[in-house]
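Enquirer: After the sequence you'll find the predicted model.
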Amino acid sequence: MSPPTGVIGPPLPGASGRKVREALERSDEGLFLTRLQDVISWARKNSLWPMPLGTACCAIELMATAGPRYDIARFGAERLSFSPRQADLMIVAGTITKKMAPALRMIYDQMPSPKWVIAMGACASSGGMFRSYSTVQGIDQIVPVDVYISGCPPRPEALLYGLLLIQEKLQRRKT
Amino acid sequence: MAIVVDRRLGLMDRLYLPGILRGMWITLKHLFRRKVTLQYPEQRWSFPEGFRGVPALVKDQQGRTKCVACYLCQFVCPPKAIRITAEELPAGNTIEKHPLEFDINMLRCIYCGLCEEVCPEQAIFLGKDYEVAGFSRSELVFHKDKLVDLGGVRPDPIMKWAHK
C-alpha cells in the first residue's frame, strides 16, 4: 500500500511492515525468515478491534466509516466492539464532558494491553469550540492519546488516515 | 385492551431452509450490483465547489503575503483557534503591519470558514485538504510558513498596496 498523497499530516514513512511484506514476497523461494516481533505487530495492526466511544456528531462519521462506502473492514478493523474487554483501540469520537471523564477512564482501564487511543475530532483532541467549564479540554488529560485527528467532524477518510497512522506506530513498536 | 398475537411458527418457518435460501438469494443479488466502496488511500473523493478544508494564507502575484494582521479572523474565530502576533513595518511601506506569527491550532479549528468570510484583504482561504492527523498536539499547530505554503498564490486584480 502506497502512502496517501496530498495529505497535510506527517507523511507515512511507507516502511509499514516492509520487512514482513518483503519476506512474504520472497516466501516462494522456499525460505521464510523474520523476527517474531515483526510478525506479531503485522498481525496486530491488521486486526485492530476498535472500541467506539461515540458521544457526539463524530460518531456519525465513525458509523459512515464502518459502512460500505468507506469500509473500515479493508483495514481489518471492522469488529467494532462495544465491550472494552474485547477491544484494543479506543476511538473517542465526540465531546467528553467532565462528568463523562471517569467513565472514559474506566473504559480505558478495562481494555486489555496493548491498547491504543485515537482522539477523533476537535472536541476530543482539544475541547474544540467548547471552551467551557464543563468540557474536558482534550482527552489527553485523562488517557494517553496516540493519534489526534483534526476536523469537526473529520471526514471518514481522515479517520482512515488516523487508523493508518496507528498501524504505522504499531509496526514500529519494539516490545 | 390487550391484543393476543399468535406467534406459533408455520410450516415454512419450521422447515428453516426457505428462510436461509431467501437470505442467500439477497446476498447473491448484491454480488452483481454496482460496487460502492471507495478504495481510500489510492482512490480519492471528488469534493464539490465550496468545500471547506484546511485554512491557509495566500500570497498575491508579487509574492507578498496578503495578511495585514488586522486580527479580525482571530476575533471572529468561534473556537479561538487563530493566534496572531503583529509586527509594525518601518515607515515607507504602503502597509503598516504584518503578522510576525500566525498560528492556527488545527485541533481547535472547526472548518467553519468565518475567517475567510470576515477577511477584508482576502488573505485567508479554506483549501481542499481534509486529512489532518498527527501523533502530538504540538505538530498540529500550523505556523505561518506552513500556512503560506499551503495557500499558494492567488492573483489580486486590485493591487491595493501597489498604488497608495
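Expert: Happy to help now that I have it.
Enquirer: drop to CA atoms for contacts and neighbour counts, all remaining ones
Expert: Will do.
Enquirer: What's opposite A:Val120 in the beta bridge?
Expert: Small correction: residue A:120 is Met, not Val. Beta-bridge partners recorded for A:Met120 (DSSP bridges): A:Ala93, A:Ile149.
Enquirer: need the residues of chain B near chain A, please.
Expert: B:36-42, B:78-80, B:106-111, B:129-137, B:140 (CA under 8 Å from any CA of the partner chain).
Enquirer: Could you list which of those belong to strands?
Expert: B:Ala133, B:Gly134 (DSSP state E).
Enquirer: Buried subset of the residues of chain B next to chain A, written for PyMOL?
Expert: Selection of buried members from the residues of chain B next to chain A for PyMOL, criterion 16 or more other CA atoms under 10 Å in any protein chain shown:
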select buried, chain B and resi 40+78+79+80+106+107+108+109+110+111+129+130+131+132+133+134+135+137+140
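Enquirer: Export the longest helix along chain B to CSV, keeping only CA atoms.
Expert: Counting residues, the longest helix found in chain B (DSSP state H) is helix B:17-31. Only the C-alpha atoms of helix B:17-31 are listed here, as CSV (Å, rounded to 0.1, in the frame of the first residue of the first chain):
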residue,chain,number,x,y,z
LEU,B,17,-34.4,-23.8,4.7
PRO,B,18,-36.7,-21.4,2.8
GLY,B,19,-35.6,-18.6,5.0
ILE,B,20,-31.9,-19.4,4.6
LEU,B,21,-32.3,-19.6,0.8
ARG,B,22,-34.2,-16.3,0.7
GLY,B,23,-31.3,-14.7,2.6
MET,B,24,-28.7,-16.2,0.4
TRP,B,25,-30.6,-15.0,-2.6
ILE,B,26,-30.3,-11.4,-1.4
THR,B,27,-26.6,-11.9,-0.8
LEU,B,28,-26.2,-13.3,-4.3
LYS,B,29,-28.1,-10.3,-5.8
HIS,B,30,-25.7,-7.9,-4.0
LEU,B,31,-22.7,-9.6,-5.6
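Enquirer: could you point out which element follows that helix?
Expert: Heading C-terminal from helix B:17-31, the first helix or strand you meet, by DSSP states H and E, is strand B:55-57.
Enquirer: Look up how far A:Lys115 lies from the residue nearest in space to the middle of chain A.
Expert: Centroid check for chain A by CA atoms, centre = their mean gives A:Leu163 as the closest residue, at 4.2 Å. To A:Lys115, A:Leu163 is 13 Å away according to CA to CA, to the nearest Å.
Enquirer: ok, for A:Leu48, nearest residue in space, not its chain neighbours?
Expert: Excluding the flanking residues, the one nearest A:Leu48 by CA to CA, 6 or more residues apart in numbering or on different chains is A:Ala77, at 5.0 Å.
Enquirer: who touches that neighbour in this structure?
Expert: A:Asn46, A:Ser47, A:Leu48, A:Trp49, A:Pro50 (CA atoms under 8 Å, 6 or more residues apart in numbering or on different chains).
Enquirer: can you tell me how far the closest residue to the second one other than its chain neighbours sits from chain B?
Expert: Right, the one you point to is A:Ser47. What sits nearest to A:Ser47 in space, not counting adjacent residues and going by CA to CA, 6+ apart, is A:Gly76, at 4.7 Å. Applying CA to the nearest CA, to the nearest Å, the value for A:Gly76 to chain B is 14 Å.
Enquirer: A:Gly76 against A:Pro50, yeah?
Expert: No: in this structure A:Gly76 lies outside contact range of A:Pro50 using CA atoms under 8 Å: 10.0 Å.
Enquirer: pLDDT below threshold where in chain A?
Expert: Scanning chain A with the threshold set as pLDDT under 70 gives A:1-33, A:174-175.
Enquirer: residue boundaries of the strands in it?
Expert: Ranges of strands within chain A are A:50-54, A:89-93, A:116-120, A:147-149, based on DSSP E.
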